[in-house]
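> 3D, please:
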Amino acid sequence: MSDALENAKSMSIIVTKGTLDWAYPPFILGTTAAAMGVNVSMFFTFYGLTLLKKDLDLKISTLGNPAMQMPMMGMHMAMPNVVSMIPGVDRAATTMMKNLIKKKGVASIEDLREAAVESDIEMIACQMTMDLFEFEKGEMIDGIKLGGAATYMENALKSDINLYI
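Purely as a prediction, here's the structure:
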């Protein structure tokens, strides 16, 4: 292990997005860090908060995602923003992505989230966002904590690594 990794003892991640494609980075990075012995705290706010809901129904949006390319017919097909105006395109893109994830053997978000729980990653739901969107704690997975910006800051100020995703 390099000296840099030996010095990294804690990591804080702000999770702000709740689409299928944006759900992967925080859970993969968080569980990987935890497996390397790093103490991880994840703060879920705004649309990222939906990733803590018991019942996940994650989708992909092609809007504002010009780099999105899907392997199709032996090549990579780009999804121009104008395509997102066509009814059913996001649903089709989501289905294609879920099929690709399954075909390639990539863990599901549910599996990664369960790994995060098993790895003792501290998962904090933003209380303000809970109130704003009228979510109840009973809608969320067990074991989460409620907190606000001050809770995040307490963790971030003592963390060696801070990520905004």
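> Now stretch 9-24: buried residues?
Of all the residues in stretch 9-24, those buried under the rule 16 or more other CB atoms under 10 Å are 10-16, 18-24. All C-beta atoms are positioned from the backbone trio N, CA, C, and that covers glycine.
> Show the average pLDDT along it.
For stretch 9-24, the mean per-residue pLDDT is 95.
> Give me the contact list for it.
26, 29-30, 33, 38-51, 58-61, 65, 68, 94, 97-98, 109, 112, 152, 155-156, 158-165 (CB atoms under 8 Å, 6 or more residues apart in numbering).
> and the end-to-end length of it?
Length of stretch 9-24, first residue to last, CA to CA, to the nearest Å: 22 Å.
> How far off centre is it?
Using CA atoms, centre = their mean, to the nearest Å, the mean C-alpha position of stretch 9-24 is found 4 Å from that of the whole chain.
> hang on, isn't Thr151 packed against Thr45?
No. Between Thr151 and Thr45 there is no contact under CB atoms under 8 Å: 10.8 Å.
> So between the two, which is more surrounded?
The neighbour comparison of Thr151 against Thr45 (other CB atoms under 10 Å) goes to Thr45, with 21 against 17.
> With secondary structure as extra columns, can I get the buried residues of stretch 9-24 in CSV?
As requested, the buried residues of stretch 9-24 are exported to CSV (DSSP: H, G, I helix; E, B strand; the rest coil):
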residue, secondary structure
Ser10, strand
Met11, strand
Ser12, strand
Ile13, strand
Ile14, strand
Val15, strand
Thr16, coil
Gly18, coil
Thr19, coil
Leu20, helix
Asp21, helix
Trp22, helix
Ala23, helix
Tyr24, helix
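> Relative to Pro87, which of those residues is nearest.
Among the buried residues of stretch 9-24, Thr19 lies closest to Pro87 (CB to CB), at 18.3 Å.
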